[in-house]
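Colleague: Quick one: sequence plus predicted model below, questions after.
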Amino acid sequence: MDYALIRFGEIAIKGPETRKQMIRLLIKNIQLITKPKKTENKYSRIIIKGGEQDKLNKISGIVSYSKAQKIEKLTDVLEKIKEYKPKNFKVNTQRIDKTHKKTSQEVNEDLGALIVEKYGWKVKLQKPELEIGIEIINGEYYFYTETERGVGGLPTNPKEVFTILIKNQKDLDAAKMIIKRGLQPVIVEGSKMVNKLQEWTPYTITKTKEYGEVIVTTADINEIKKLKTKGLVINPLIGLPQ
């Protein structure tokens, strides 16, 4: 698969200017981590060509992505799926910009009928063995068979930071939750598992001797009092199952 169709969720509900800024930031982060040959922003999709697409699942701001192939016409799908041997299938079409003459449902029905005729597979709309994804974007056709979940949330902004002392897995999990809200970690000296945390941000994690204005911790209230800080203290794991 040459391309990746990248979808974002929470960004889409922001105001127009904030949305534009966040999409630009997300594109920058994607480029830093995956190093694609080409990046395009089309409607509600970011499309990259080439690059290290397996790293997309750790980039904050991405809800899901599909590794895809661009095809010249919809019937090219018949050739693309010839290696598959399912008993049943489903066609799932999305017209991202609505300029295609036929509706998504009509494309599903037309393409599905051709597949039944050519391969004899049965249509199954719930939990099919093979789901054939089609996205029509600005007159271009993309074909895929799998969709991967992303981190979700907001893109990491290197100008918005929090400090954390990472001593164990719980601290690491807490840091990842705050990265998902768009903040960049700065670790307190003595932290462990820094390399694991670095995988979740496109920006180099720096160190500090003191806590900053925003502090993330998994400590209890008594330990938090010992910090003697005027900064905002956040424990994102409060209320979650241990």
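Modeller: Structure received. Owing to the predicted nature of the structure, the values given are computational and were not obtained by experimental measurement.

Colleague: alpha carbons only for contacts and neighbour counts from here, please
Modeller: Will do.

Colleague: next one: stretch 191-200 to chain centre, how far?
Modeller: From the chain centre to the centre of stretch 191-200 is a distance of 20 Å (Cα atoms, centre = their mean, to the nearest Å).

Colleague: sorry, that was for stretch 113-124
Modeller: 32 Å.

Colleague: Quick check: mean pLDDT of it?
Modeller: Stretch 113-124 carries an average pLDDT of 97.

Colleague: Span of that stretch from start to end?
Modeller: 13 Å (Cα to Cα, to the nearest Å).

Colleague: Please enumerate the helices of the protein.
Modeller: Secondary structure of the chain by DSSP state H: the helices cover 16-34, 77-80, 104-119, 169-179, 194-198, 221-226.

Colleague: how near is the residue nearest to the spatial centre of the chain to T229?
Modeller: Taking Cα atoms, centre = their mean, the centroid of the chain lies closest to I62, which sits 2.3 Å from it. According to Cα to Cα, I62 stands 34 Å off from T229.

Colleague: what's the answer for G61, then?
Modeller: 31 Å.

Colleague: what's the lowest-mean-pLDDT helix or strand in the chain in contact with?
Modeller: The helix or strand of the chain with the poorest confidence is helix 221-226; it has a mean of 79 (mean pLDDT, DSSP states H and E). The contact list for helix 221-226 (Cα atoms under 8 Å, 6 or more residues apart in numbering) reads V233.

Colleague: which residues sit in contact with G9?
Modeller: Per Cα under 8 Å, 6+ apart, neighbours of G9: G61, I62, V63, G152, G153.

Colleague: And for A12, nearest residue in space, chain neighbours not counted?
Modeller: R19 (6.4 Å; Cα to Cα, 6 or more residues apart in numbering).

Colleague: So for that neighbour, what's the pLDDT?
Modeller: Looking at R19, its pLDDT is 94.

Colleague: who's in contact with it?
Modeller: Contacts of R19 (Cα under 8 Å, 6+ apart): I11, A12, I13.

Colleague: Among those residues, which one sits closest to I136?
Modeller: A12 (19.2 Å; Cα to Cα).

Colleague: quick one: the closest one and K35, what's the gap?
Modeller: From A12 across to K35, the span is 24 Å (Cα to Cα).

Colleague: and what of G9?
Modeller: Distance from G9 to K35, counting by Cα to Cα: 23 Å.

Colleague: ditto for I164
Modeller: I164 is 29 Å from K35, by Cα to Cα.

Colleague: In terms of neighbours, single out the busier of the two.
Modeller: Shown here are I164 and K35; by other Cα atoms under 10 Å, I164 has more neighbours (25 against 17).

Colleague: Hmm, V63 and V151 touching each other?
Modeller: Yes: assessed by Cα atoms under 8 Å, V151 is found in contact with V63 at 6.0 Å.

Colleague: okay, D2: pLDDT?
Modeller: So D2 comes in at 93 (pLDDT).
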